[in-house]
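*Asks:* Pasting the sequence and the predicted coordinates here, then a few questions.
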Amino acid sequence: SLVVAASEQSPSSSSQLIISRFQQYLKINTAHPNPNYHEAAEFILSQAKSLSLESQTLDFVKGKPLVLLKWPGKNPHLPSILLNSHTDVVPAEHHKWSHPPFDALIDDGRIYARGSQDMKCVGLQYLEAIRKLKSSGFEPTRTVYLSFVPDEEIGGHDGAEKLAESEIFNREMNVGIVLDEGLASPKENYRVFYGERCPWWLVIKASGAPGHGSKLYDNAALENLLKSIEIVRRFRASQFDMVKAGLKPEGEVVSVNMVFLKAGTPSPTGFVMNLQPSEAEAGFDIRVPPTADPASLERRIAEEWAPVSRNMTFEFKQKASVHDKFGKPILTATDSSNPWLALLEGAVKKANGKLGKPEIFPAATDARYFRERGLPAIGFSPMANTPILLHDHNEYLSKDEYLKGIDMYESIISAYASYVEEETKDGVAREEL
Ligand SMILES: CSCC[C@H](NC(C)=O)C(=O)O
Ligand SMILES: [Zn+2]
Ligand SMILES: [Zn+2]
């Protein structure tokens, strides 16, 4: 017969099926501002069904389904493992891509698509790893949950944030460790993240007297704003210099980049040229490492970047807290108090991969919502020897790296789901004595 049972398929044809499922997910256009969340949810639910995973769709916000899957463990009393991924992607400028961003075409072994790195790869790799573990007869000791969440790219408020504060998360799931996205690594080491910088989106505004474009006078709004911009730029250079000199990694300095400038008096032909405006503003995307002192940065902003003495005011459009409610930096422990990092390292090694030193993620991910609740969360996307193309044109991931990543998760999930804390073992041992 021409029909071949799945178990009899050659490795290459099973790889083809794995790749074609990835292509199917990538072809669902979940780009903002109109992500097709329903099709993505349907797809994930159909995968879950084929894997006999328990599933439910949580509609915290209308039109933004969050799919939660469960692989029950043999010991439901042990804290569970949550594998998180977001289903949305950032928009793409189609005409600037070499391959259409939602066709998932393969060229020279590379799969080109928006989301191929950020982070549809990870979401489906979790599922493919579970498929392999199930077919090998593996049974998890701990329960494994998978969450496919909306809206990460626009702040996660209607996605991971809602999940983390939900009844089901806090009363039922008993999560002990969260895995979420990391970044590709151009080198052979995978990157791993134990914290992230906090976004502070700042707008500074200067006012001043309006005046004739020919007149030199003090306190003009744009003069006031430009003085601030110069000061911000000096601070930016001091931080960047530390990175350039190799003194600090990217995630451990404060980054500040100007993202808009707004001033001038509009006219039908552009701007009025002989009038100095009475108001001017600039916007900055600032990223604050959890290791920095937020109070001193706030003082700097108030005293140097937007001082009242120069007729300036400021406002935060977003200001994530750097510290938890106990005043401690929001970071996942990297010492022996956190067994999950060592387990990850061991599991990656076992699957013939190498893990770099834990880093602070330079931007923001959904992991922060779990860390804020005191849970350990690790950022990891298994993509080595791959340029970092998230949010870029021509985002791609090679087929081979994608397949290798599945082997990594197979090893990681089996290590995590089988892990029984030393304390418990000791306890048992003591009782037995
Ligand atoms: C503040 S929510 C926006 C989240 C986005 N995340 C990434 C990874 O680009 C960012 O850091 O800008
Ligand atoms: Zn992402
Ligand atoms: Zn992103």
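*Replies:* Ah, there it is. Numbering: from 1, shown residues only. Ligands and ions are numbered 1, 2, ... in the order given.
*Asks:* Residue numbers of this protein in contact with ligand 2?
*Replies:* Proximity of the chain to ligand 2, by CB under 5 Å from the ion, involves residues 118-119, 181. Just so you know, the C-beta spots here come from the backbone N, C-alpha and C atoms, and that holds for glycine as well.
*Asks:* gap between residue 289 and ligand 2?
*Replies:* Remark: distance between residue 289 and ligand 2 (CB to the ion, to the nearest Å) = 19 Å.
*Asks:* OK, contacts around that residue?
*Replies:* Residue 289 makes contact with 195, 197-198, 251-254, 322, 360, according to CB atoms under 8 Å, 6 or more residues apart in numbering.
*Asks:* mind checking how far residue 213 is from residue 262?
*Replies:* According to CB to CB, to the nearest Å, residue 213 stands 19 Å off from residue 262.
*Asks:* Residue 252 now?
*Replies:* Distance from residue 252 to residue 262, by CB to CB: 31 Å.
*Asks:* Residue 297 now?
*Replies:* 23 Å.
*Asks:* More neighbours: those two, which one.
*Replies:* residue 297 (18 against 13; other CB atoms under 10 Å).
*Asks:* Can you report how many residues neighbour residue 61?
*Replies:* For residue 61, the tally of surrounding residues (other CB under 10 Å) stands at 14.
*Asks:* Look at the residue nearest to it when sequence neighbours are not counted and give its secondary structure.
*Replies:* In this structure, residue 61 finds its nearest non-sequential neighbour in residue 158, 4.2 Å apart by CB to CB, 6 or more residues apart in numbering. The three-state label given to residue 158 by DSSP: H, G, I helix; E, B strand; the rest coil is coil.
*Asks:* what about the closest residue to ligand 1 within the chain, how many residues close to it?
*Replies:* Ligand 1 sits closest to residue 363 of the chain, with a gap of 3.1 Å, by CB to the nearest ligand atom. Counted with other CB under 10 Å, residues neighbouring residue 363 total 14.
*Asks:* Verify the assumption that residue 161 is located in a strand.
*Replies:* No: counting by three-state DSSP, residue 161 is not part of a strand but helix.
*Asks:* ok, now how distant is it from residue 415?
*Replies:* 29 Å.
*Asks:* again, but for residue 101
*Replies:* Residue 101 is 35 Å from residue 415, by CB to CB.
*Asks:* got a list of what the residue nearest to residue 61 touches?
*Replies:* Listed by CB under 8 Å, 6+ apart, the contact partners of residue 158 are 60-61, 64, 150-151.
*Asks:* again with residue 250
*Replies:* With CB under 8 Å, 6+ apart, residue 250 has these contacts: 243, 362.
*Asks:* which parts of the stretch 251-400 of the chain sit against ligand 1?
*Replies:* 318, 363-365 (CB under 6 Å from any ligand atom).
*Asks:* Quickly name whichever of those residues is closest to residue 12.
*Replies:* Closest to residue 12 out of those is residue 365 (34.5 Å), distances taken as CB to CB.
*Asks:* Please look at that closest one and residue 197 and confirm they touch.
*Replies:* No: look at residue 365 against residue 197 with CB atoms under 8 Å: they stay out of range, at 10.6 Å.
*Asks:* quick one on the thing from earlier: ok, the contacts of residue 289 vs residue 386, which is closest?
*Replies:* Set against residue 386, the nearest of the contacts of residue 289 by CB to CB is residue 251 (19.1 Å).
*Asks:* Can you give me the separation between that closest one and residue 200?
*Replies:* On the measure of CB to CB, residue 251 and residue 200 end up 15 Å apart.
*Asks:* Check which residues of the helix ranked longest in the chain are buried.
*Replies:* Longest helix in the chain by number of residues (criterion: DSSP state H): helix 221-244. For helix 221-244, the neighbour count (16 or more other CB atoms under 10 Å) marks 221-229, 232, 235-236, 239 as buried.
*Asks:* and residue 313, what helix or strand is that in?
*Replies:* Per DSSP states H and E: residue 313 is located in strand 312-319.
*Asks:* list the helices and strands that strand packs on?
*Replies:* Applying 3 or more CB pairs under 8 Å, 6 or more residues apart in numbering; DSSP states H and E, one finds that strand 312-319 contacts strand 198-207, helix 221-244.
*Asks:* which other residues reach the shortest one?
*Replies:* Yep, that's strand 198-207 we're talking about. Counting by CB under 8 Å, 6+ apart, 221-222, 224-225, 228, 278-290, 297, 301, 305-306, 310-322, 330, 363-364, 368 sit against strand 198-207.
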